[in-house]
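S.K.: sequence? don't have it. structure:
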DNA sequence: AACCTCCTTCTACGGATGTAGTATGGCTTT
DNA sequence: AAAGCCATACTACATCCGTAGAAGGAGGTT
């Protein structure tokens, strides 16, 4: 694996575990078992390191977006064939993907939210937003296919709500009420919420 | 104002502007125009400073929750009098409050999300979650009053979605699509989304 | 074989950071 | 008025961080 990839992957893990504050040239070296100074040589400044980190997350995410193939590439194939039954099925599928974000992909999800927050005071990090826009576009297409009245408005709103559901479980805010990630209960609860949202945003 | 309050307020501003990484004893002194070493004297360790910071946010938030008086204290007064019309009115009110989070209260909102993320690797910060639980309880009561089928499940889900909407606009993720905070368009867009959510989660 | 180039490793240093310890000044108590 | 106490102000120090530069070495070119 490319040395650049090794470094940025270790950086993602560090940010997930310790927050942005834990992201240090030396810490990355240690985490990736690289000789001291390596990260500093590959990314001379901290800003460069962060940008590479964010870029890597964006790359992973857009790869996922393609692979997962939420029925958006089905949009040309199934124009208005999305009825309530298909919506329910879709809710279950998306719930499974989200549960994956919380378990297998927890590290990356955590790092992504840290990066999003970082982008607030660091405008050139808006690269990540490309991923966000892609998923928003996909949501628009989906809602349009399901016959939503104003998909351009509903798409981003839907994505924002889904992200909220994800963040809530990610940080364990609903620890008292929500089931732990990775369990069937969690997937069922998420699926129920998604079903509600999908029906609401498609007016069905 | 108490010296403790001066310090924690300056700390909140710093976290909002520079992220957790910008939170430094010396930086707080400078930001609050206090003599060097003051913050270090009041909060000997960085952990103590962060905990005080988080506690202050939680205090502000719970004060807001009481003051705003989302019609939850109307719950005993209006048992099941929440029809579609009242829900729409409520959506407009909540949209106004959220717009306030994004403009006047942007600093605190930003700091809160940073703190939530920090709580992930720093479990004793779960103090903030008390605020979250209070708003979740309020949402449960509200949805129950509006005749939701399973308020205990829908309440947290609703709050999570609202937080998602808020976060989305906070970081400007939907910059391409969403109207800027502080504008009437933003409030209208938020109100529309909230109306959709309220109806969905109350099955109306 | 000599040379050059790029990847890698190591070291140096100015500055910031966390934390503790010491001095100072005013206010209270006796 | 003397003594004691506490909030405040300042200083010290070991560590860590960002960044730059130099040393070393493998591999390919002429």
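M.R.: Yep, it's here. These numbers come from a predicted model, not from an experiment.
S.K.: what's the helix or strand for residue A:95?
M.R.: For residue A:95, the host element (DSSP states H and E) is helix A:84-102.
S.K.: Helices of chain A, start to end?
M.R.: Taking DSSP state H as the test, the helices found in chain A are A:3-18, A:25-31, A:38-42, A:46-68, A:84-102, A:106-120, A:128-145, A:151-170, A:184-201.
S.K.: Turn those into TSV, columns for mean neighbour count and distance to residue B:117.
M.R.: Bear in mind the C-beta positions are built from the backbone N, C-alpha and C, glycine included. Below are those laid out as TSV (neighbours: other CB atoms under 10 Å in any protein chain shown; distance: least, CB to CB, whole Å):
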stretch	mean neighbour count	distance to residue B:117
helix A:3-18	20	10
helix A:25-31	18	18
helix A:38-42	19	23
helix A:46-68	17	15
helix A:84-102	17	15
helix A:106-120	22	6
helix A:128-145	20	15
helix A:151-170	23	9
helix A:184-201	20	21
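S.K.: Let's have those helices in CSV, adding mean pLDDT and distance to residue B:112.
M.R.: Output for the helices of chain A, formatted as CSV (pLDDT from 0 to 100; distance: least, CB to CB, whole Å):
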stretch, mean pLDDT, distance to residue B:112
helix A:3-18, 98, 19
helix A:25-31, 98, 26
helix A:38-42, 98, 32
helix A:46-68, 92, 22
helix A:84-102, 92, 21
helix A:106-120, 97, 11
helix A:128-145, 88, 21
helix A:151-170, 96, 12
helix A:184-201, 96, 23
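S.K.: which one of the ones you listed lies closest to DNA strand C?
M.R.: helix A:38-42 (3.4 Å; CB to the nearest atom of the strand).
S.K.: quick check, distance from the closest one to the centre of its chain.
M.R.: Here the centre of helix A:38-42 is set off from its chain's centre by 28 Å, with CA atoms, centre = their mean, to the nearest Å.
S.K.: and what of stretch A:140-152?
M.R.: The chain centroid and the centroid of stretch A:140-152 are separated by 21 Å, computed with CA atoms, centre = their mean.
S.K.: Could you tell me how many residues sit around the residue nearest to residue A:55 when sequence neighbours are not counted?
M.R.: Leaving aside its sequence neighbours, residue A:55 sits nearest to residue A:127 (CB to CB, 6 or more residues apart in numbering or on different chains; 5.9 Å). Residues within reach of residue A:127, counting by other CB atoms under 10 Å in any protein chain shown, total 15.
S.K.: The most centrally placed residue in chain A: what's it in contact with?
M.R.: Nearest to the geometric centre of chain A sits residue A:109, at 5.7 Å (CA atoms, centre = their mean). Applying CB atoms under 8 Å, 6 or more residues apart in numbering or on different chains to residue A:109 gives the contacts A:101-102, A:166, A:170.
S.K.: so which of the residues you listed are also by chain B?
M.R.: Among these, the ones lying near chain B by CB under 8 Å from any CB of the partner chain are A:166, A:170.
S.K.: will you turn the contacts of residue A:109 into JSON lines that also has distance to DNA strand C?
M.R.: Converted to JSON lines, the contacts of residue A:109 look like this (distance: CB to the nearest atom of the strand, whole Å):
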{"residue": "A:101", "distance to DNA strand C": "31"}
{"residue": "A:102", "distance to DNA strand C": "30"}
{"residue": "A:166", "distance to DNA strand C": "30"}
{"residue": "A:170", "distance to DNA strand C": "25"}
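S.K.: Contacting DNA strand D as well, which ones from the contacts of residue A:109?
M.R.: By CB under 7 Å from any atom of the strand, no member of the contacts of residue A:109 lies near DNA strand D.
S.K.: Which segments of chain A make up each domain?
M.R.: If you go by automatic domain parsing, the domain ranges for chain A are A:1-44, A:57-201.
S.K.: Distance of the closest residue to chain B within chain A relative to residue A:86?
M.R.: At 1.9 Å from chain B, residue A:164 is the closest residue in chain A, using CB to the nearest CB. Using CB to CB, to the nearest Å, residue A:164 is found at 24 Å from residue A:86.
S.K.: And for residue A:49?
M.R.: From residue A:49 over to residue A:86 the distance is 44 Å, taken as CB to CB.
S.K.: Same check on residue A:32?
M.R.: Applying CB to CB, the value for residue A:32 to residue A:86 is 44 Å.
S.K.: do residue A:112 as well
M.R.: The gap separating residue A:112 from residue A:86 is 29 Å, by CB to CB.
S.K.: now swap in residue A:187 and tell me
M.R.: In terms of CB to CB, residue A:187 sits 18 Å off from residue A:86.
S.K.: Tell me the residues of chain A that contact DNA strand D?
M.R.: So chain A meets DNA strand D at A:23-27, A:37, A:40-41, A:44-47 (CB under 7 Å from any atom of the strand).
S.K.: If we use 10 Å, what do you get?
M.R.: Within chain A, the positions near DNA strand D by CB under 10 Å from any atom of the strand are A:18, A:20-30, A:36-41, A:43-50.
S.K.: can I assume residue A:6 is in contact with residue A:32?
M.R.: Yes. At 5.3 Å, residue A:6 and residue A:32 qualify as touching, with contact defined as CB atoms under 8 Å.
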